[in-house]
Structure formats: C-alpha cells, structure tokens
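Q: What follows is a protein structure lacking sequence information:
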C-alpha cells in the first residue's frame with residue numbers, strides 16, 4: 001500500500017513539474033511575442049515621426065530626420081536580406097557577423113543623430129552635418145554591399161538550379177520522344193517477318209494436305225481391290241452384279257434451298 005502511494009505521489013510530482021515547465025515556456029514565448037510587437041510598434045512610430053519631421057520641419061531638424069530615416073531603412077533591409085538568406089545558405093554566417101559589427105556603428109550614429117535633434121545650438125549641428133553625411137554614406141554603402149552580394153548569390157544559385165533543371169528536362173523530353181523513330185521501324189520489320197512466316201506455314205500446310213489426300217485415295221483404291229478379290233475368292237462370278245438399293249431420303253443431307261418432299265395421300 002505504501003509503495004502504491006509512493007508511486008502515485010511520484011507521478012503527481014512529475015505532472016506538476018511538467019505543468020510548471022510548460023507554463024514557463026508559454027510565458028516566455030508570450031513575453032517574446034509581446035516584446036517583438038512592442039519593438040515593431042516603436043519602430044513604426046519612430047519611422048512615421050521621422051517622415052513627418054522630414055517634410056514639416058525644414059532646416060537642420062528636417063535634415064537630421066532624413067539622415068536617421070535613410071540609415072534605419074538601409075540597415076533594416078540588409079538585416080532582413082541576410083537573415084532570410086542565412087536560413088538557406090550557411091555561407092552567409094560570416095556576412096552576418098560582419099553586419100553585426102556594422103550595426104554597432106550604425107546604432108552609434110543613430111544615437112548621435114538623435115542627441116543632435118535636441119541640441120539647442122543649431123550652428124554647431126550644421127557644422128557637423130558634412131561629417132555625419134560621410135559616416136552615413138560609408139555605413140549605408142557597406143550595408144548595401146552586403147545586401148546586394150547576398151541577393152546576387154541567391155539569384156546565381158537560382159539561375160544555376162534552373163539551368164540544371166532545364167538540361168534534365170531536355171534529356172527527359174528527348175528520351176520520351178525516342179519511341180517515335182526506332183521502335184516504329186522495329187515493329188514494321190517484325191510485322192513483315194510474321195507475314196512471311198505465315199505464308200510459309202500456309203504452304204507447308206497445303207503440301208501436307210495434298211500428301212494426306214493422295215495417301216487416302218491410295219488406301220481407298222487398295223481397299224476396293226481387296227474387296228473385289230475377296231468376293232472372287234468366296235465364289236462370286238463376274239456376271240453377278242451387286243444389288244442396287246434405293247436411297248433413304250431421311251438419311252440424305254438436306255439443304256435450306258431444297259423443297260421438302262411431298263408425301264403421297266392415301267384415300
């Protein structure tokens with residue numbers, strides 16, 4: 001009884017532990033989903049705000065917003081391209097490492113541009129704009145190089161696969177059309193051989209039938225001569241003639257074009 005209670009207690013503890021584990025996993029997954037949703041919403045709000053500043057605030061503020069928007073757009077596009085390609089091509093792992101290092105410089109530039117948006121000394125900000133543009137161009141150029149290299153690599157792989165697939169399809173199509181030439185000639189030759197074989201077999205059958213007919217007629221002649229000899233040996237004379245009996249119409253073969261014989265009436 002104690003052993004059964006211990007087993008039930010152990011099973012209960014296992015179920016509780018499994019429930020806790022599943023609950024923790026579900027909570028963490030939900031938290032990650034919420035964090036991704038919040039981050040996505042924050043990025044959307046920031047991008048919308050930067051676009052609004054770009055068109056509504058002329059001067060230094062508008063140019064800073066344009067620089068930040070260009071940086072964020074280029075880095076996000078490169079990140080999406082590399083992550084998407086790395087799922088199918090393991091060679092992009094090193095490119096992802098380089099992009100992470102480039103992202104650190106991009107975040108640093110974005111933070112600096114964000115601080116300059118709140119800078120009251122606009123003259124100082126204006127004097128630093130050429131340097132900021134140069135840094136932005138270097139970062140975005142590197143990001144675009146990685147992005148387009150990944151896209152060109154994926155497109156080249158797709159072209160190579162399409163070329164190989166086209167060659168295989170051409171070979172298979174040629175194999176499927178192979179029956180329309182040689183097999184037809186082979187069938188014609190086989191049919192001609194069968195026709196010649198049938199004619200020779202028919203000739204052999206006719207000769208065999210002729211030989212059998214000759215043998216039958218010879219046997220019939222021998223039988224008739226034997227019968228005559230038998231009659232002579234048993235005392236028959238040449239002046240005696242065999243009796244002729246009338247044919248029985250019931251035993252004669254009838255044909256569909258013959259008329260039925262009339263029966264005599266009795267009075």
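A: In hand now; what should we look at? Keep in mind the model is a prediction, meaning the values are calculated, not measured.
Q: Need phi/psi at residue 120.
A: phi -70, psi -30 (degrees, to the nearest 10).
Q: residue ranges for the helices of this protein, please.
A: Secondary structure of the chain (DSSP state H): helices located at 2-56, 60-86, 93-117, 122-176, 182-233.
Q: Pick out the shakiest of those, pLDDT-wise.
A: The minimum mean pLDDT among the helices of the chain belongs to helix 182-233 (a mean of 57).
Q: burial count for residue 142?
A: 18 (other CB atoms under 10 Å). Placement of C-beta: from N, CA and C, glycine included.
Q: Roughly how far does it sit from residue 103?
A: 11 Å (CB to CB, to the nearest Å).
Q: quick one on the thing from earlier: tell me which of the helices of the chain is the most buried.
A: Of all the helices of the chain, helix 60-86 has the most neighbours on average by mean count of other CB atoms under 10 Å, namely a mean of 18.
Q: what's the angle between it and helix 122-176?
A: Between helix 60-86 and helix 122-176, the angle comes out at 30 degrees (axes from the mean of the first three to the mean of the last three CA atoms, to 10 degrees).
Q: Show me what helix 60-86 is packed against.
A: helix 2-56, helix 93-117, helix 122-176 (3 or more CB pairs under 8 Å, 6 or more residues apart in numbering; DSSP states H and E).
Q: just so I know, which of these lies nearest residue 69?
A: With CB to CB, the closest approach to residue 69 among the helices and strands packed on helix 60-86 belongs to helix 2-56: 4.4 Å.
Q: returning to that earlier point: got TSV for the helices and strands packed on helix 60-86, with distance to residue 75 too?
A: Listed next are the helices and strands packed on helix 60-86 as TSV, based on distance: least, CB to CB, whole Å:
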stretch	distance to residue 75
helix 2-56	11
helix 93-117	5
helix 122-176	6
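Q: Residue 63 is nearest to which of those helices?
A: Nearest to residue 63, of these and by CB to CB, is helix 122-176 at 6.5 Å.
Q: and the closest one with helix 93-117, angle?
A: 150 degrees.
Q: Which neighbouring elements make contact with helix 122-176?
A: helix 60-86, helix 93-117.
Q: nearest to residue 165, of those?
A: Between the helices and strands packed on helix 122-176, helix 60-86 lies closest to residue 165; by CB to CB that is 20.7 Å.
Q: per-domain residue ranges of this protein.
A: With domains defined by automatic domain parsing, the chain comprises 1-56, 59-148.
Q: Same list, these, but as TSV with distance to residue 155 please.
A: Putting the domains of the chain into TSV (distance: least, CB to CB, whole Å) gives the following:
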stretch	distance to residue 155
domain 1-56	28
domain 59-148	10
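Q: Which among those is found nearest to residue 175?
A: The nearest among these, by CB to CB, is domain 59-148 at 31.6 Å.
Q: Could you pull up the residues touching residue 30?
A: Applying CB atoms under 8 Å, 6 or more residues apart in numbering, we find residue 30 in contact with no residue.
Q: who are the neighbours in contact with residue 151?
A: By CB under 8 Å, 6+ apart, the neighbours of residue 151 are 81, 85.
Q: quick one: it from residue 141, how far?
A: On the measure of CB to CB, residue 151 and residue 141 end up 16 Å apart.
Q: now swap in residue 3 and tell me
A: For residue 3 relative to residue 141 (CB to CB), the value is 74 Å.
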